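Enquirer: need coordinates for the below:
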Amino acid sequence: MVSSKAATVGEYLAELPENRRDDIQQVREVILANLPDGFEECMQYGMIGYAIPLERFPDTYNGQALGVAALAAQKRHISVYLHGLYADPDLTEWFVDAYKQTGKRLNMGKSCVRFPRAEAAALDLIGEVIARITPEQLIAQHEAAHG
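Expert: As a prediction, this is how the structure comes out:
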């Protein structure tokens, strides 16, 4: 599944094959356990998103809730999009260095961490980086980038 038309997280999970659903659920539980107050789980761009609700911060450049992370089941891997890393080179450097220390293989784009199964990922570290980015920090990053 590259992109879903599901309206809810429950619908998204129900669309997945059982083995992918189990992996996504494991990663999702880590994200939810570490998600700072002020973010909410939602569906964004055909993926499970974690964002500041528009009621709290409506002044986004595209009219969409400001996302800190997203989770998706792709054809051959699971993707965790850590949007907060993209705008923070110091946090990105810390994350990459810390990931290497786990002994797990890091397959990463600008902010996307990819892995074939949940057990192949450094889930504790993904949880830690989620916990490090507050809504206030994300709003400040957004305002610095978009004025």
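
Enquirer: so how far is the helix or strand of the chain with the lowest mean pLDDT off the chain centroid?
Expert: Lowest by mean pLDDT, DSSP states H and E among the helices and strands of the chain is helix 83-86, with a mean of 87. Distance, stretch centre to chain centre, for helix 83-86: 9 Å (Cα atoms, centre = their mean, to the nearest Å).

Enquirer: which residues touch Leu35?
Expert: Contact partners of Leu35, counting by Cβ atoms under 8 Å, 6 or more residues apart in numbering, are 41, 50, 130-131. Backbone N, C-alpha and C define where each C-beta goes, glycine included.

Enquirer: out of these, which is most surrounded?
Expert: Tyr50 (26 neighbours; other Cβ atoms under 10 Å).

Enquirer: just checking, what packs against the longest helix seen in the chain?
Expert: Assignment by DSSP state H gives helix 18-34 as the longest helix of the chain. If you count contacts as 3 or more Cβ pairs under 8 Å, 6 or more residues apart in numbering; DSSP states H and E, helix 18-34 packs onto helix 9-15, strand 47-52, strand 66-73, strand 78-82, helix 123-132.

Enquirer: at 6 Å instead, please
Expert: Under the contact criterion of 3 or more Cβ pairs under 6 Å, 6 or more residues apart in numbering; DSSP states H and E, helix 18-34 touches strand 66-73, helix 123-132.

Enquirer: name the nearest residue to Ile31, sequence neighbours excluded.
Expert: Ile130 (5.5 Å; Cβ to Cβ, 6 or more residues apart in numbering).

Enquirer: in stretch 110-127, which residues are buried?
Expert: Buried positions in stretch 110-127, judged by neighbour count with 16 or more other Cβ atoms under 10 Å: 111-115, 118, 121-123, 125-127.

Enquirer: what of stretch 23-40?
Expert: 23-24, 27-28, 30-31, 34-36, 38-39.

Enquirer: what do you get for stretch 85-95?
Expert: 85-88, 91-92, 94-95.
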